[in-house]
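1. 3D model of this:
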Amino acid sequence: MAKKSLRLSVGSIFTKGPGKIYFYRYQLDGHRKTVSLQTTNRAEAVKKAEALLPIIKATSTEVIAAHVQQARGLSSPIRELSLDGVWDYYSTHPERATPATVNEQIQYHTTLDEFIRFIGNPQMEVGKISSQHTEKFAQYLKSTGIAVCTHNRKIKRLRKIFSTLGEFRDAENPFRTILFRREREEQGLGVRRLAFNREQERQLLEVLDDPQYRVMNKPEIRVIYHLGMYTGQRLKDCVLLQWRSIDLERRRIWVKQFKTGKEVTIPIADKLLSVLLEARQWQSNDYVCPQTAERYNHLDKTGKNIGNNLVNLDVLRVIRWIGVEPSVAVPGRKRKVTQYGFHSLRHTFASHCAEAGVPKAVLLSILGTDSEIADKYYTHIGEEAQLKAIEAVTGTEVSSAQERIRQALAFLAALPPSPEREKLEAILKPA
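-> As a prediction, this is how the structure comes out:
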């Protein structure tokens, strides 16, 4: 995007693109001309533009020809850079991305390599990459069957990389064009992340207590599942939870979420407390689940984390024990789409809170800033309002749960006194 221009006696200078290169714009024979001044320094840009003024004001054909030659010289970058040299340049650039994980840094390099392979010419100059190249690459990505979010992440990485290459280009970043896909493209998949119901939660805890089911570090996996169920935190936050973040006497857990950096505090439920007290028996270092934490943090030779996938596979094995398939195949997608995983416990937590009438702000104070999950369960109008809507539309009376309870209490009140009646009334009456 062009910055605010500086007017000269003839024409003006302005910066353009992520590289903030100065350009000179003026009128010549009724036609607007723009040339690159090949500098990011304002004073130097003004000096170069003023040096062109005598040529621009001239009228002879020879001088105009000299101007054209001069403009052509200015329109070429000072230096050239081929695609196979981009990573070395980008990886030391002060405006490069600084991902929180080594894996994401590797993904930047991998995505760039994928783009270069698509171009088919590693020696091609960066300045010759056009929006036509990037649009064809976006179409190629779409044809590979990757998810919309994966497609968009690759485009974002390349956009960032090319934003540092302004001094090698006259044109704007070729990845600034409309290359992103919209999430609604996958509305027809019919597969989404699902929450566990109460019965499935019970089954998960049963198989984790059953010795016939085996998984590596099973006692710790059991603790991790309890943490997910009763705190709503993500897998990494549960696996790498440390004892210094737990106060068993005050029954509180403090979590600084790895994904968002948000700090949340969560009360410890009775069932979780008993499990944590058991876990104190194997306390050997700072981690609540030391062996699983070590496995999770395992890196390969390149520094890429591969342990997180290993632990995730352990977690998915438990889900399969209860007869639930975590992922399903979807036409048009290269990989299966996940519907059940450890993250489903986060959805389950939000679902239970919504059903219990817990205010949305309270849920967010526990989950952290995760409005997508909260909105999924808090945008429903509610059973009472829905029943009233049905009554209004159909003209029929549909009893709500509260109304049915009132009717039941009225029925019991008409019965002779008995211990059974008193017990039923105690159950039905609100606390």
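2. what does the helix or strand hosting Gln139 rub up against?
-> Assigned by DSSP states H and E, Gln139 belongs to helix 131-143. By CB atoms under 8 Å, 6 or more residues apart in numbering, the residues outside helix 131-143 that reach it are 115, 118-119, 151, 154-155, 158, 174-175, 177, 179, 181. C-beta: built from backbone N, CA, C; applies to glycine.
3. got it, and stretch 259-267?
-> Residues outside stretch 259-267 that contact it (CB under 8 Å, 6+ apart): 231-234, 236, 251-257, 365-370.
4. now for the longest strand seen in the chain, which elements pack on it?
-> When the chain is parsed with DSSP state E, its longest strand is strand 21-28. Here strand 21-28 touches strand 12-16, strand 31-36, helix 42-57, going by 3 or more CB pairs under 8 Å, 6 or more residues apart in numbering; DSSP states H and E.
5. between those, which one is nearest to Asn103?
-> For Asn103, the closest of those is strand 12-16, at 34.3 Å, according to CB to CB.
6. which ones are touching Thr177?
-> Counting by CB under 8 Å, 6+ apart, Thr177 has contacts 131, 134-135.
7. Tell me the first helix or strand C-terminal of the lowest-mean-pLDDT helix or strand in the chain.
-> For the chain, using mean pLDDT, DSSP states H and E, the weakest element among its helices and strands is helix 61-74, scoring a mean of 52. Remark: after helix 61-74, the chain's next helix or strand is helix 86-90, criterion DSSP H and E.
8. Show me which parts of that following helix are buried, residue by residue.
-> 86, 89-90 (16 or more other CB atoms under 10 Å).
9. tell me which of those residues is nearest to Arg79?
-> Nearest member of the buried residues of helix 86-90 to Arg79, counting by CB to CB, is Tyr89, at 10.0 Å.
10. Can you check the pLDDT for the residue nearest to that closest one when sequence neighbours are not counted?
-> Nearest residue to Tyr89, sequence neighbours excluded (CB to CB, 6 or more residues apart in numbering): Leu81, at 6.3 Å. What the model reports as pLDDT for Leu81 is 92.
11. I'd say Ala45 and Ile13 touch.
-> Yes. Contact criterion CB atoms under 8 Å: Ala45 and Ile13 qualify, at 5.2 Å.
12. about what we covered before: what's the PyMOL syntax to select whichever of the contacts of Thr177 are buried?
-> Typed into PyMOL, the line below selects the buried ones among the contacts of Thr177, using 16+ other CB under 10 Å:
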select buried, resi 131+134
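13. Just give me the closest of the contacts of Thr177 to His226.
-> For the contacts of Thr177, the nearest to His226 is Thr134 (47.6 Å; CB to CB).
14. Please tell me how far the closest one sits from Thr150.
-> For Thr134, the distance to Thr150 equals 17 Å [CB to CB, to the nearest Å].
15. same question, Val207
-> Taking CB to CB as the measure, Val207 falls 32 Å from Thr150.
16. swap in His226?
-> His226 is 32 Å from Thr150, by CB to CB.
17. And for Ile116?
-> 19 Å.
18. and if you look at Phe175?
-> Using CB to CB, we find Phe175 at a distance of 16 Å from Thr150.
19. Check Ile178 too.
-> 18 Å.
20. And for Asn103?
-> Distance, Asn103 to Thr150, using CB to CB: 14 Å.
21. who has more neighbours, those two?
-> Applying other CB atoms under 10 Å to Asn103 and Thr150 shows that Asn103 carries more neighbours, namely 17 against 14.
22. quick one: contacts for the more buried one?
-> Contacts of Asn103 by CB under 8 Å, 6+ apart are 304-305.
23. Between helix 131-143 and the longest helix seen in the chain, find me the angle.
-> Criterion DSSP state H: the longest helix present in the chain is helix 102-119. Counting by axes from the mean of the first three to the mean of the last three CA atoms, to 10 degrees, helix 102-119 lies at 110 degrees to helix 131-143.
24. buried stuff in helix 102-119?
-> With burial defined by 16+ other CB under 10 Å, the residues of helix 102-119 counted as buried are 103, 105, 107-108, 111-112, 114-116.
25. Put the alpha carbons of that helix into PDB.
-> Presented in PDB, the C-alpha positions along helix 102-119 are these (Å, rounded to 0.1, in the frame of the first residue of the first chain):
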ATOM      1  CA  VAL A 102      11.100 -25.000  15.700                       C
ATOM      2  CA  ASN A 103       8.500 -27.000  13.800                       C
ATOM      3  CA  GLU A 104       6.800 -23.900  12.500                       C
ATOM      4  CA  GLN A 105      10.100 -22.400  11.400                       C
ATOM      5  CA  ILE A 106      10.800 -25.600   9.400                       C
ATOM      6  CA  GLN A 107       7.300 -25.300   7.900                       C
ATOM      7  CA  TYR A 108       8.300 -21.800   6.500                       C
ATOM      8  CA  HIS A 109      11.300 -23.400   4.800                       C
ATOM      9  CA  THR A 110       9.300 -26.400   3.600                       C
ATOM     10  CA  THR A 111       6.500 -24.200   2.100                       C
ATOM     11  CA  LEU A 112       9.100 -22.100   0.300                       C
ATOM     12  CA  ASP A 113      10.700 -25.200  -1.200                       C
ATOM     13  CA  GLU A 114       7.300 -26.400  -2.300                       C
ATOM     14  CA  PHE A 115       6.700 -23.100  -4.100                       C
ATOM     15  CA  ILE A 116      10.100 -23.200  -5.800                       C
ATOM     16  CA  ARG A 117       9.500 -26.800  -7.000                       C
ATOM     17  CA  PHE A 118       6.200 -25.700  -8.400                       C
ATOM     18  CA  ILE A 119       7.900 -22.800 -10.300                       C
END
